[in-house]
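Colleague: let's see this in three dimensions:
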Amino acid sequence: MRHSFSIATAIAVVALLAYPVRAAVGQAASAPCDYAHCSLDVVPRLTGLAVARGASEERISTLPFLWPAHAAHIFADDSVAWRHAANASRRRVLAALCTDLGGLLVIGGAARFHGAGRAVTGGGAGLVAASVPMQFAADAELSRAVWAYNRRFASLK
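Modeller: Sure thing, here's the model as predicted:
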């Protein structure tokens with residue numbers, strides 16, 4: 001029973017630390033929308049990549065590393081940016097699931113580090129390692145979404 005408590009505790013800690021804090025900050029319809037106020041940027045955070053608006057870098061969404069979430073809704077008014085953001089969200093969900101499952105297997109295997117426990121730990125470490133390129137691919141897609149979204153400000157002065 002002692003092992004199930006430690007695994008449950010680990011799951012709860014990972015879930016609490018990884019859950020993204022999202023701010024639903026939108027631009028008012030009547031406010032002027034220029035690059036300094038409305039452009040988007042990708043800002044690294046401890047739990048994932050945040051999408052921030054304007055020079056003040058006000059966080060409007062997060063694409064987390066461990067807890068699957070979607071950021072495509074921010075790009076709804078730009079079809080190209082939305083497509084990249086939707087791809088980023090799908091890739092991040094798959095990567096986050098591999099990271100989460102791999103972490104759980106490592107923790108579970110470490111609790112019984114003999115025989116099958118070693119194989120479980122090795123499999124979990126392999127899943128975490130395999131998730132890294134998936135995370136980078138999601139980051140690249142999110143960057144493309146932000147670039148596509150910000151194109152609208154290129155002709156403004």
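Colleague: for Gly123, give me its contacts.
Modeller: Gly102, Leu105, Gly109 (Cβ atoms under 8 Å, 6 or more residues apart in numbering). (Glycine included, C-beta is placed from N, CA and C.)
Colleague: out of those, which end up buried?
Modeller: Among the contacts of Gly123, those classed as buried by 16 or more other Cβ atoms under 10 Å are Gly102, Leu105, Gly109.
Colleague: and the pLDDT for Ala36?
Modeller: Per-residue pLDDT puts Ala36 at 87.
Colleague: I should have written Ala50 there, sorry.
Modeller: Listed pLDDT for Ala50 reads 89.
Colleague: can you tell me the helix or strand for it?
Modeller: Applying DSSP states H and E as the criterion places Ala50 in strand 48-53.
Colleague: ok, Asp41 next?
Modeller: Using DSSP H and E, Asp41 falls in strand 40-44.
Colleague: for that strand, packing partners?
Modeller: Counting contacts by 3 or more Cβ pairs under 8 Å, 6 or more residues apart in numbering; DSSP states H and E, strand 40-44 packs against strand 48-53, helix 116-150.
Colleague: partner strands of that strand and their direction?
Modeller: strand 48-53 (antiparallel) (DSSP bridges).
Colleague: hey, which helix or strand in the chain has the poorest pLDDT?
Modeller: helix 2-18 (a mean of 50; mean pLDDT, DSSP states H and E).
Colleague: quick one: Gly122 and Gly109 touch, right?
Modeller: Yes - with contact defined as Cβ atoms under 8 Å, Gly122 reaches Gly109; the gap is 7.5 Å.
Colleague: which helix or strand contains the closest residue to Leu142 other than its chain neighbours?
Modeller: Nearest non-adjacent residue to Leu142, counting by Cβ to Cβ, 6 or more residues apart in numbering: Ala88, 4.1 Å away. Per DSSP H and E: Ala88 is located in helix 79-111.
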